[in-house]
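# 3D model of this:
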Amino acid sequence: MTLISTLTYARTKRGVKFFAQLTTSTTDSLSTGEVKVKVLAPTPESAAKGGAGAEKKLNANSMSAVIGFYHKSHGVAIAAGDLDQVGLDNLLQEEINLKADILIFPHHGGRPGAGNDGIEFTKKLCGLVQPKLVIFSNGRGYYDHPFKEIVDAVISTVPNVHILCTQLSRNCSQIALTLLPNHLHSLPAKGKSNNSSCGGTVVVKINAKDTTYTPQANNHKDFITTQVSTPLCNSALQLII
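Below is the predicted model:
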């Protein structure tokens, strides 16, 4: 069954709604109850014009959807997709408050496109969000994500931040784990099958301004300090209480 036929079946037989694109205009259709899901970027104008006539050429990353999750008006998380510098500049023009407890960092902790300054991009983004937790959704052995200069820029901007990678980067440990860590959530995680999880699947519990998550910061810190040889997030770990 193709993707299109599956979506058609889900829409006509199961009442599932799906959208051909995400822009700021679809926000009202995504929220439910006290949980607000806001599409922060791109705007419909940006989606309509694409790269045509743009002062700065737009590409797929520039048009990446940036999603904000809110509970009782409190910023819980920002999922930044593959946001790049052009997309961030466009987002800033909307004068949106990006502050949230959690930032799912773009590009898996890589650079925001060829020729872009990843350090300045990271500092600007983290300065706007001011997250308590930064998640790098990465795979062990894929492109060596996250990059050290990106992690360092996160820490220099928000020193008390908790940094969590879904899988254990080779930059942090060339040696694979021999046992599955005991701090992971019980939900499935891709890295569990070969003991490559670092933070694994992250489960977030929302309660207005009291955002909590699993694995907890202290449990993750204990794992990092005892089982990981050269953790990139080491200087941030020292500040976790």
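# Could you tell me the per-residue confidence at residue 52?
As predicted, residue 52 sits at a pLDDT of 47.
# Please apply the same query to residue 182.
So residue 182 comes in at 94 (pLDDT).
# what about the residue most central in space within the chain, distance to residue 84?
For the chain, the residue nearest the mean C-alpha position is residue 104 (1.5 Å; C-alpha atoms, centre = their mean). Distance of residue 104 to residue 84, given as C-beta to C-beta, to the nearest Å: 15 Å. The way it works is simple: take the backbone N, C-alpha and C, and place the C-beta from them, glycine included.
# how close does the residue nearest to the centre of the chain get to residue 79?
In terms of C-beta to C-beta, residue 104 sits 5 Å off from residue 79.
# now residue 32
From residue 32 to residue 79 the distance is 17 Å (C-beta to C-beta).
# Equivalent analysis for residue 108, please.
On the measure of C-beta to C-beta, residue 108 and residue 79 end up 13 Å apart.
# before we move on, what about residue 42?
Distance from residue 42 to residue 79, by C-beta to C-beta: 14 Å.
# ok, those two, which is more surrounded?
residue 42 (25 against 21; other C-beta atoms under 10 Å).
# and that one, what does it touch?
23, 24, 62, 63, 64, 65, 87, 90 (C-beta atoms under 8 Å, 6 or more residues apart in numbering).
# Surely residue 178 and residue 195 touch.
Yes: using C-beta atoms under 8 Å, residue 178 is in contact with residue 195, at 6.8 Å.
# With neighbour numbers in mind, choose between these two.
A count of neighbours by other C-beta under 10 Å puts residue 195 above the other of residue 178 and residue 195, at 14 against 7.
# pLDDT score for the more buried one?
94.
# let's number from 485 now, not from 1
Got it, first residue is 485 now, which makes that one residue 679.
# Without its sequence neighbours, what residue ends up closest to it?
In space, and not counting its chain neighbours, residue 679 is closest to residue 661: 4.2 Å by C-beta to C-beta, 6 or more residues apart in numbering.
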